[in-house]
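**Student:** here is my input, please return the structure:
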Amino acid sequence: MVLSDGKNTQRIGFLLVRNFALMSYASATEPLRAANLLAGGMLYQVVPLAQEEGPITSSSGVSIGCTGLESEGETCHTVFVCAGGEPSDWADTSASHTTLRRLSRLGVRIGGISSGAFVLAAAGLLDNRDFTIHWEHAPALKEAFPHLNPRHARFVLDSGVATCGGGVAPLDMMHAMISERLGADFARRVSDWYLHAAVAEPAAPQRGSVAERFGTNHPALLTVLEKMETAIERPLDRTSMARLAGVSPRHLDRLFKEHRGLGFLETYREIRLRHARRLLQQSPLSIPEIAYATGFSSPAHFSNAFKRLFAETPGSLRRRDRT
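**Tutor:** Purely as a prediction, here's the structure:
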């Protein structure tokens, strides 16, 4: 039987950012509720927080009443920043940075869920830290904070800092945190409560494999496609890619046509343009800066290629997303 009197209650705070992802929040809080239920007492208390006391609305329109971070943060064992996918919402958290730094100095464990790590980075709390962020937000974070390098992991528990990629990854992170405090057997009972039989390891990938995303298992193509996704700002030429894959440039072209239905250049351009679209939606970079960051020789070249693929210009996409 797990001890569950009030003296053992850990208060876990969640600093909710406007348009936070409700799934991420539920995946983090529900295991704590199940732990209380299975223990027959209050092992954990969930504390919804905001910069200022009042309701915060999720991306799905559900509002949650919150107490103020300044007044309640010190009473928490851990405070997670739970954010969604809009950079304008992250910018609204600047008033919380000082409080988060103070809480960290006081020994409160600080965490980030989904894009919450971006807020922690802006507060200066991820310097020299091991951390992760939702894969969709990683490009914007690396552009804004070039000295930081998020891991491609579902969650990371570093000393005093806990981060995860959002979605259902908090289920895995909370399993690890409950296990850390109460043992693996009790954590397994909590996970079983939610039919969460396949608990992922921290370093498990956030996304499907390259083979799944591109629909091919050819080893030479997988090598090249994986390199394409990382060599964005300075694209490699066909000869260099072919050498990396151990085939001739001509054979590489045939592989792309046969397995992808697109040529080498078309595939590489599409990967870079999809990366550019994420930067347009999530980063404060100007359109010319995004053009050069994704390997285009000029903003005009970038704009023309973007319009051919997405049927709108970079400027119109950015205006539409910010209205």
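**Student:** for the protein, name the helix or strand with the lowest mean pLDDT.
**Tutor:** helix 87-91 (a mean of 70; mean pLDDT, DSSP states H and E).
**Student:** what about the next helix-or-strand element following it, distance to the chain center?
**Tutor:** Proceeding N to C from helix 87-91, the next assigned helix or strand is helix 97-105, under DSSP states H and E. The chain centre lies 22 Å from the centre of helix 97-105; the measure is Cα atoms, centre = their mean, to the nearest Å.
**Student:** show me the contact partners of helix 97-105.
**Tutor:** Identification of contacts with helix 97-105 by Cβ atoms under 8 Å, 6 or more residues apart in numbering yields 15, 69-70, 73-74, 76, 79, 81, 110, 119-120, 122-125, 160. In this view, the C-beta of every residue, glycine as well, is placed from N, C-alpha and C.
**Student:** just the pLDDT at the residue nearest in space to the middle of the chain, thanks.
**Tutor:** With distances taken as Cα atoms, centre = their mean, residue 134 lies nearest the centre of the chain, 1.3 Å away. The per-residue pLDDT reported for residue 134 equals 90.
**Student:** ditto for residue 108
**Tutor:** pLDDT, residue 108: 94.
**Student:** now do the one 10 residues further on
**Tutor:** Looking at residue 118, its pLDDT stands at 93.
**Student:** please tell me how far it sits from residue 272.
**Tutor:** Distance of residue 118 to residue 272, computed by Cβ to Cβ, to the nearest Å: 22 Å.
**Student:** residue ranges with poor pLDDT in the stretch 1-150 of the chain?
**Tutor:** Applying pLDDT under 70 to the stretch 1-150 of the chain picks out residues 1-7, 85, 87-88.
**Student:** and the strand or helix carrying residue 228, how far out from the chain's middle?
**Tutor:** Element membership for residue 228 (DSSP H and E) is helix 219-230. What separates the centre of helix 219-230 from the centre of its chain is 22 Å, taken as Cα atoms, centre = their mean.
**Student:** residue 136 reaches residue 277, doesn't it?
**Tutor:** No - Residue 136 is not in contact with residue 277 according to Cβ atoms under 8 Å; the separation is 10.7 Å.
**Student:** can you give me the first-to-last residue distance of stretch 136-153?
**Tutor:** Taking Cα to Cα, to the nearest Å, the first and last residues of stretch 136-153 lie 13 Å apart.
**Student:** and the helix holding residue 228, what's buried?
**Tutor:** Residues of helix 219-230 classed as buried: 220, 221, 222, 223, 224, 225, 227, 228 (neighbour count, 16 or more other Cβ atoms under 10 Å).
**Student:** please save the CA atoms from stretch 222-235 in PDB.
**Tutor:** Output of stretch 222-235 as PDB, limited to C-alpha atoms (Å, rounded to 0.1, in the frame of the first residue of the first chain):
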ATOM      1  CA  LEU A 222      16.500   6.100 -46.900                       C
ATOM      2  CA  THR A 223      20.100   7.300 -46.400                       C
ATOM      3  CA  VAL A 224      19.600  10.200 -48.800                       C
ATOM      4  CA  LEU A 225      16.100  11.200 -47.600                       C
ATOM      5  CA  GLU A 226      17.400  11.200 -44.000                       C
ATOM      6  CA  LYS A 227      20.300  13.500 -45.000                       C
ATOM      7  CA  MET A 228      17.900  15.700 -47.000                       C
ATOM      8  CA  GLU A 229      15.900  16.400 -43.800                       C
ATOM      9  CA  THR A 230      19.100  17.500 -41.900                       C
ATOM     10  CA  ALA A 231      20.900  19.400 -44.700                       C
ATOM     11  CA  ILE A 232      18.400  22.200 -45.200                       C
ATOM     12  CA  GLU A 233      20.300  25.500 -45.100                       C
ATOM     13  CA  ARG A 234      23.200  24.200 -47.300                       C
ATOM     14  CA  PRO A 235      21.700  21.500 -49.600                       C
END
